[in-house]
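In: Sequence first, predicted coordinates after that:
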Amino acid sequence: MSKPPLALAAENLARGYGDRWALSGLNLQLAAGRSLLLAGPNGAGKTTLLRLLATTLRPNEGRLEVFGIDPIKSPMAARRHIALLSHRTQLYTELTAAENLSVAANLLGLARNPQRVPELLQRVGLEGRGDDRVRTYSAGMRKRLAFARLLLQDPKIVLLDEPYGQLDPSGFAFVDDLIEQFIAEGRTLVLSTHLLERASPLLRSGLILAAGRMAWVGAADDLPQAFSERFNA
Amino acid sequence: MSSGFHKEHLIGALGLALLSYGTWMALFVVPPMSHFQEVGRIFFLHVPTAWNSLLVLTGAFVIAIGALINRKRGWDAALEATVEVGVLYTALLLIQGTIWARPTFNTWWTWDPRLLTAAILLVAFAGVLSLRSFAEGRDRRLVWTAAATIVAYVDVPIVYFIVKWLPRGIHQPHSFPSTVSPDYHIALRCNAFALLFIAIWLIARRTRLTLLRDAGTAMAPAAEQGADGSAMLAGVDG
Amino acid sequence: MNPVLRQGLAVLSKDMLLDLRGRSRISAVLFFAVMTLLLFSFAAEPDPESMRRHAAGYLWLALLLSSILALGESFRSEVEDEALEGLRLLPVDPRALFYGKALSNTLFLLVLAVVLLPLALGLYAVEVRGSMTHLAGFIVLGSAGLAAPGSLYAAMTSRARGQDVLLPLLLFPLVVPVLIACVKGTGLCFSGDAMGQSSSLLSVVGAFDLVYWSVCGLLFGRVIDE
């Protein structure tokens, strides 16, 4: 009986910009349904790692596999399983929120369902604002819309890059909610944040990056302590 | 830093030797032909330059395709070198053409298919080189250079063909008298190979220089060792 | 329906929607095109015969110059917030991304051409003595010929620092065949095509379009990779 493939398997992953290595020597094995808290000071390489895992970036060295698929050979097959909530909203500001979502739904090949967009908007707390152009949205609202689009993709692997960013306290609860939902649904989750005390109880494993290198691995519960020991700010 | 003798110098030396011989033949041995003035002897450099510039650009095209399939750094260096030499030869071609045209036809420039094609090629491939300085990141530079080279090269036959539609130019038609001394062919072929070898030499030197200059960027440092000496692995704890 | 085709049509409708929303940008490009046409008539000798002879040239030059603006704009919204990246990760096949964008750019250029043509006819006092179908052919095939490599290069240069200079530098030498063939062909449609040359010119542009729509479609995915 063969083991099911790991959701994410990375070996010696490295990515550089010019003469600098933004990330190097990254090893990761995340089984399906497990979660990983990603921490580190600014510039440590967290965003680079998430973009590599999302297959947005090609690694300069090392290998990555998504459910056993090589994203360089079969990018479309690999990307079907992944969704990334990134720093940049990846939205069309000239279109309305509803239009952004229906364009995505259309491209995903989802069957036409007039209820889908209103339900999604409600889920992320944007009901009634669907017909406003994204240009008029605040940063927090754009984040919520980005979450809506992520939900649309129904991904097996969820990658969140600073999901709490730009949100107010009610927004924090909203994100906690979603994280718990993702985990309950059995999705694989990698989350990078500065709010370590908040996120660590929700997640299972932890990784601290510093200057593009792995600095510490362990259980997520132990991460805040390990972090303050290293970066006693 | 390698200090050994690089083989390409042999080819370069051979090229220069052939060029000297071919040029000597062109200047002193080939009997004058009826419709050429003395300056027409530049023909023996001009035609081989034309052949070789097209050949080198074709080489760039092939390397570009290879570079897209196999993204190793060596391909980027070779591609850049080949395009540069291609641009050099095309520029030389245009300069030679001007040198010939002025005393022969009393004009610096003419709307002639071959000259026009060369001018467009020069700008197109100079643009490809220009693109390189705006591309951030090694990988992107390689992909963009390769893509732009492919796109520019595929245009060459189309450009040449369409430019022939313009009013007929004053370029010499390829109708030379059949009874021509064998020295004529020897001089042409000699210079053709000479320029080819020189091109190979230049490309090899440039590639080598680029690779040397970039050799400082070593491989990424390997994975960290954990407390027990084995490589660190994320995602398995908790 | 073939998934790439379906996605391509979805991308096309997204782009057309974006174009509609960006009405102010469209009118700006239109005014620029009209202004260019006027500038040519100011700069040239006021001799009606010479104007008539060069009308086709001025028309296509105006179209070419404004296409640079239009093409550059077409990727601005994609790159501002990394929207194109977001689409790529849905995942959307990069060929669909390319053909959708190239088609919407072709349509935009067609709109430009349709506005400029009667203006040119009026300004330079020309009539269409030759075939209207051939004229339409040159306009459609010429726009498509500009749009395909233009979209590829616009995607590249939108991420480069020197976009405003790079895009014309890269595109202009490339589209010389289209320019020459369409100017000559359009001129023949104006003056009357006594020797029936316009069909061969149309096939040259057609061949160019065929080659470039395939080559650029193949290259697009690599070019937008990081």
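Out: The structure has been received and is ready for your questions.
In: just for the chain, where's the confidence low?
Out: Answering for chain A, as no chain was given. Low-confidence regions of chain A, defined by pLDDT under 70, span residues A:1-2, A:233.
In: hmm, I had chain B in mind actually
Out: B:1-5, B:29-40, B:104-105, B:110, B:165-181, B:216-218, B:224-230.
In: what secondary structure does the residue most central in space within it sit in?
Out: Nearest to the mean C-alpha position of chain B, counting by CA atoms, centre = their mean, stands B:Gly86 at 2.0 Å. Taken by DSSP: H, G, I helix; E, B strand; the rest coil, the conformation at B:Gly86 corresponds to helix.
In: all helices of the chain, in order?
Out: Here I'm looking at chain A. Under the criterion DSSP state H, chain A contains helices at A:46-53, A:75-79, A:97-108, A:116-123, A:139-153, A:169-184, A:196-199, A:223-230.
In: wait, I meant chain B there
Out: Counting by DSSP H, residue ranges of the helices within chain B are B:8-24, B:43-69, B:73-105, B:113-134, B:138-163, B:182-214.
In: Redo the ones you listed as CSV? Include distance to C:Val126.
Out: For glycine as for every other residue, the C-beta is placed from the backbone atoms N, C-alpha and C. Output for the helices of chain B, formatted as CSV (distance: least, CB to CB, whole Å):
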stretch, distance to C:Val126
helix B:8-24, 54
helix B:43-69, 39
helix B:73-105, 34
helix B:113-134, 26
helix B:138-163, 23
helix B:182-214, 48
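In: Please identify the deepest-packed of the ones you listed.
Out: Across these, the average number of neighbours (mean count of other CB atoms under 10 Å in any protein chain shown) peaks for helix B:138-163, which reaches a mean of 22.
In: which secondary structure elements does that helix contact?
Out: Of the remaining helices and strands, those touching helix B:138-163 by 3 or more CB pairs under 8 Å, 6 or more residues apart in numbering or on different chains; DSSP states H and E are helix B:43-69, helix B:73-105, helix B:113-134, helix C:132-157, helix C:163-174, helix C:176-191, helix C:198-224.
In: relative to helix B:182-214, how tilted is it?
Out: For helix B:138-163 and helix B:182-214, the angle between their directions (axes from the mean of the first three to the mean of the last three CA atoms, to 10 degrees) works out to 160 degrees.
In: So which residues on chain A come close to chain C?
Out: Counting by CB under 8 Å from any CB of the partner chain, the residues of chain A close to chain C are A:51, A:54-58, A:75-76, A:79-80, A:82-84, A:86, A:88-95, A:99, A:103-104, A:106-109, A:133, A:149, A:153.
In: tell me which parts of chain B are close to chain A?
Out: Counting by CB under 8 Å from any CB, the residues of chain B close to chain A are B:136-139, B:216-217, B:219-224, B:226, B:231-238.
In: Would you mind giving me the ChimeraX syntax to select the buried ones in those?
Out: To isolate the buried ones among the residues of chain B next to chain A in ChimeraX, judged by 16 or more other CB atoms under 10 Å in any protein chain shown, type:
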select /B:137,138,139,220,223,224,232,233,234,235,236,237,238
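In: Now do the one residue in chain C that gets nearest to chain A, the pLDDT please.
Out: Of chain C, the residue with the smallest distance to chain A, taken as CB to the nearest CB, is C:Gly86 at 2.9 Å. The predicted structure scores C:Gly86 at 93 on the pLDDT scale.
In: Near it, how many other residues are there?
Out: Residues near C:Gly86, counting by other CB atoms under 10 Å in any protein chain shown, number 24.
In: With the one 10 residues further on instead?
Out: Other residues near C:Ala96 number 24, with proximity taken as other CB under 10 Å.
In: which parts of stretch A:11-29 are buried?
Out: Those would be A:11-16, A:21-29, for stretch A:11-29 by 16+ other CB under 10 Å.
In: Who are the contact partners of the residue nearest to C:Leu103 when sequence neighbours are not counted?
Out: Excluding the flanking residues, the one nearest C:Leu103 by CB to CB, 6 or more residues apart in numbering or on different chains is C:Leu12, at 5.2 Å. Counting by CB atoms under 8 Å, 6 or more residues apart in numbering or on different chains, C:Leu12 makes contact with C:99-100, C:103-104.
In: So which of those belong to helices?
Out: Among these, DSSP H puts C:99-100, C:103-104 in helices.
In: Can you select the buried ones from those residues in ChimeraX?
Out: This is how ChimeraX selects the buried members of the ones in helices among the contacts of C:Leu12, with burial counted by 16+ other CB under 10 Å:
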select /C:99,100,103,104
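In: now the ones in helices among the contacts of C:Leu12 as a markdown table including distance to C:Leu121?
Out: Output for the ones in helices among the contacts of C:Leu12, formatted as a markdown table (distance: CB to CB, whole Å):
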| residue | distance to C:Leu121 |
| --- | --- |
| C:Tyr99 | 32 |
| C:Gly100 | 33 |
| C:Leu103 | 27 |
| C:Ser104 | 27 |
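In: Neighbours of the closest residue to chain C within chain A, how many?
Out: For chain A, the residue closest to chain C is A:Gln90, as judged by CB to the nearest CB, at 2.9 Å. Around A:Gln90 there are 23 other residues, counting by other CB under 10 Å.
In: With chain B as the reference, measure out to it.
Out: Remark: distance between A:Gln90 and chain B (CB to the nearest CB, to the nearest Å) = 20 Å.
In: same question, C:Leu135
Out: From C:Leu135 over to chain B (counting by CB to the nearest CB), the distance is 18 Å.
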